[in-house]
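K.L.:
The sequence and its predicted three-dimensional model are supplied below.
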Amino acid sequence: MGKRDSDLLGLEGERFAAEYLKKRRYRVLERNYRCSLGEIDLICRKDKRIVFVEVKTRASGDFGKPEEAVTEAKKRKIFRVAEWYLAEKHLEGSEISFDVLSLLLENPGAEFRAEYFPDAFELT
């Protein structure tokens, strides 16, 4: 799979992820939120909690499960961007969680196989 195909798969995965979460009563606040520190795929609200969601999409499991691509370095980056977002929106002190949505598309044209990991990580 080339870079262009991978980018398209990622975009399709993020669209699927937003709909997946909406069906579960998450309100999508931001898609691909960017600041000078990096990006967060989706920022949602579920009840009173602000949820930062990392979406990992793969076309096969040949290189491991999608969620395994959320490295410690990636977690630290997400945390820093989340801090920036909370400060920018004056939401410091909010209840938050860092979730991962793993999407696997083993057959082109098929539906994504989704696995959701709420509170997937926290930084101490």
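P.N.:
Cool, got the structure.

K.L.:
what helices or strands is the helix or strand of the chain with the lowest mean pLDDT leaning on?
P.N.:
Within the chain, no helix or strand scores below helix 3-23, which has a mean of 83 by mean pLDDT, DSSP states H and E. Helices and strands touching helix 3-23, as assessed by 3 or more CB pairs under 8 Å, 6 or more residues apart in numbering; DSSP states H and E, comprise strand 27-35, strand 38-46, strand 49-58, strand 95-104, strand 113-121. In this view, the C-beta of every residue, glycine as well, is placed from N, C-alpha and C.

K.L.:
Would you mind listing the buried residues in that helix?
P.N.:
Leu9, Gly10, Gly13, Glu14, Phe16, Ala17, Ala18, Tyr20, Leu21 (16 or more other CB atoms under 10 Å).

K.L.:
for it, the distance to its chain's centre please.
P.N.:
10 Å (CA atoms, centre = their mean, to the nearest Å).

K.L.:
Kindly export it (C-alpha atoms) in CSV.
P.N.:
The C-alpha trace of helix 3-23 is given here as CSV (Å, rounded to 0.1, in the frame of the first residue of the first chain):
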residue,chain,number,x,y,z
LYS,A,3,1.4,6.6,1.0
ARG,A,4,-1.6,8.0,-1.0
ASP,A,5,-3.6,4.8,-0.3
SER,A,6,-2.6,4.9,3.3
ASP,A,7,-3.7,8.5,3.6
LEU,A,8,-7.0,7.8,2.0
LEU,A,9,-7.5,4.8,4.3
GLY,A,10,-6.7,7.0,7.3
LEU,A,11,-9.2,9.7,6.2
GLU,A,12,-11.9,7.1,5.6
GLY,A,13,-11.1,5.6,9.1
GLU,A,14,-11.5,9.0,10.7
ARG,A,15,-14.9,9.5,9.0
PHE,A,16,-16.0,6.1,10.2
ALA,A,17,-14.7,6.8,13.7
ALA,A,18,-16.7,10.0,14.0
GLU,A,19,-19.9,8.2,13.0
TYR,A,20,-19.1,5.3,15.3
LEU,A,21,-18.7,7.6,18.3
LYS,A,22,-21.8,9.6,17.4
LYS,A,23,-23.9,6.4,17.4
